[in-house]
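In: Coordinates for the following, if possible.
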Amino acid sequence: MLRTRVISAVVLVALVVSAMGLLPPLPSTLALTALLAACTWEWSGFQGRGLPGRALFALITLAFSALLWRYSADLRGLHRILWSALIFWTLAAVWVLLLPKPVNRAITFVAGVLALSFAWLALARMRMDWQLGAWWVMYALLIVWVTDSCAYFAGRAWGKRKLAPRVSPGKTWAGLFGGLAGAAVLGVVAQPWLARSAAPLAVLTVLVALYSAAGDLTESLFKRYAGLKDSGSLIPGHGGFLDRFDSLLAAAPVLMLGASWLGRLPI
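Out: Predicted structure coming up:
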């Protein structure tokens with residue numbers, strides 16, 4: 001199982017790095033859009049409806065994403081959207097950790113539209129608008145993967161106390177702290193490539209890693225109450241695309257907002 005996970009992860013990394021590093025901004029953004037579209041389709045399955053209901057969810061998510069794109073053309077509008085995403089994920093983290101109650105279809109629908117649209121907007125805007133956009137998108141993915149890997153091994157080695165047993169019984173506090181420690185090291189190592197001061201970048205990376213854990217737990221909650229083990233089966237050892245990229249949904253907008261505070265954009 002571990003070998004399959006590692007092989008799948010290596011293939012995914014190679015594909016993402018190729019798409020971000022070798023393709024111009026527009027094709028790269030289209031590749032990101034295809035990834036988020038796959039995640040959108042899998043989230044639509046959490047509602048337990050047939051093809052018409054799933055298609056409606058996908059269309060509304062597409063329409064809302066288009067509205068966000070138009071509104072974010074103005075820097076002030078982008079700023080408001082990113083702050084809205086931060087508030088959304090903060091509330092989601094509190095809810096998942098403290099009040100992980102069953103959810104209905106309406107909550108699943110609205111939460112999915114918001115989570116997926118916010119993530120797509122942040123990734124697309126970074127890739128299309130920023131001079132180092134490819135680096136920042138890859139950094140968002142790298143934060144998620146490093147945090148997840150460090151959390152996995154730390155949890156296996158030292159994990160005893162459960163983080164959110166009613167949502168994801170396999171996750172532990174040791175795993176969370178191990179993931180955050182890995183993120184801190186990543187923030188220091190990445191400083192030369194992202195042209196940021198090491199300490200602030202490390203703090204931001206840890207914060208993004210913390211929110212990435214919230215994204216993972218939130219998807220786990222919706223999946224659990226939908227009665228699903230995995231969101232899909234397209235990625236061997238990982239399940240679906242959403243199982244692999246759920247953390248990115250929260251990480252991307254938080255990283256973009258934080259990078260703005262570090263001087264990437266005036267806000």
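
In: so the residue nearest to A151 when sequence neighbours are not counted is in which element?
Out: Leaving out its chain neighbours, the residue that sits closest to A151 by CB to CB, 6 or more residues apart in numbering is G179, at 3.3 Å. C-beta: built from backbone N, CA, C; applies to glycine. Element membership for G179, per DSSP states H and E: helix 173-189.

In: Same question for the next helix or strand after that helix: list its buried residues.
Out: Next in sequence after helix 173-189, counting helices and strands by DSSP H and E, comes helix 191-194. By 16 or more other CB atoms under 10 Å, the buried positions in helix 191-194 come out as Q191, L194.

In: now the helix holding G179, how far from the centre of its chain.
Out: 16 Å (CA atoms, centre = their mean, to the nearest Å).

In: Only alpha carbons, please: show it as PDB.
Out: What follows is helix 173-189, C-alpha atoms only, in PDB (Å, rounded to 0.1, in the frame of the first residue of the first chain):
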ATOM      1  CA  TRP A 173      -1.900  15.300  17.400                       C
ATOM      2  CA  ALA A 174       1.600  13.900  16.900                       C
ATOM      3  CA  GLY A 175       0.900  13.700  13.200                       C
ATOM      4  CA  LEU A 176      -0.300  17.300  13.100                       C
ATOM      5  CA  PHE A 177       2.800  18.600  14.900                       C
ATOM      6  CA  GLY A 178       5.100  16.500  12.700                       C
ATOM      7  CA  GLY A 179       3.500  18.000   9.600                       C
ATOM      8  CA  LEU A 180       3.800  21.500  11.000                       C
ATOM      9  CA  ALA A 181       7.500  20.900  11.800                       C
ATOM     10  CA  GLY A 182       8.100  19.700   8.200                       C
ATOM     11  CA  ALA A 183       6.400  22.800   6.900                       C
ATOM     12  CA  ALA A 184       8.600  25.100   9.000                       C
ATOM     13  CA  VAL A 185      11.700  23.500   7.500                       C
ATOM     14  CA  LEU A 186      10.300  23.800   4.100                       C
ATOM     15  CA  GLY A 187       9.700  27.500   4.600                       C
ATOM     16  CA  VAL A 188      13.300  28.100   5.500                       C
ATOM     17  CA  VAL A 189      14.600  26.000   2.600                       C
END
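
In: quick one: contacts of it?
Out: 142-143, 146-155, 157-163, 198, 201-206, 208-210, 213 (CB atoms under 8 Å, 6 or more residues apart in numbering).

In: Check which helices and strands the helix or strand hosting R156 sits against.
Out: Following DSSP H and E, one finds R156 within helix 133-158. Here helix 133-158 touches helix 2-22, helix 25-44, helix 105-129, strand 168-172, helix 173-189, helix 191-194, helix 198-225, helix 241-261, going by 3 or more CB pairs under 8 Å, 6 or more residues apart in numbering; DSSP states H and E.

In: what about it, average pLDDT?
Out: For helix 133-158, mean pLDDT is 92.

In: How far does it sit from its chain's centre?
Out: From the chain centre to the centre of helix 133-158 is a distance of 11 Å (CA atoms, centre = their mean).

In: ok, now how distant is the spatially closest residue to L204 that is not a sequence neighbour from G187?
Out: Nearest residue to L204, sequence neighbours excluded (CB to CB, 6+ apart): G258, at 4.2 Å. Counting by CB to CB, to the nearest Å, the gap from G258 to G187 is 11 Å.

In: of the two, who's got more company?
Out: G187 (26 against 20; other CB atoms under 10 Å).

In: Just the pLDDT for the more buried one.
Out: At G187, the model reports a pLDDT of 91.

In: can you check M20 too?
Out: pLDDT, read off for M20, is 79.

In: Same question for the one 5 residues further on.
Out: Note for P25: predicted pLDDT of 92.

In: which residues touch the closest residue to it other than its chain neighbours?
Out: Once flanking residues are discounted, P25 sits nearest to M128: 5.1 Å by CB to CB, 6+ apart. Each residue near M128 by CB under 8 Å, 6+ apart is listed here: P25, L26, T29.
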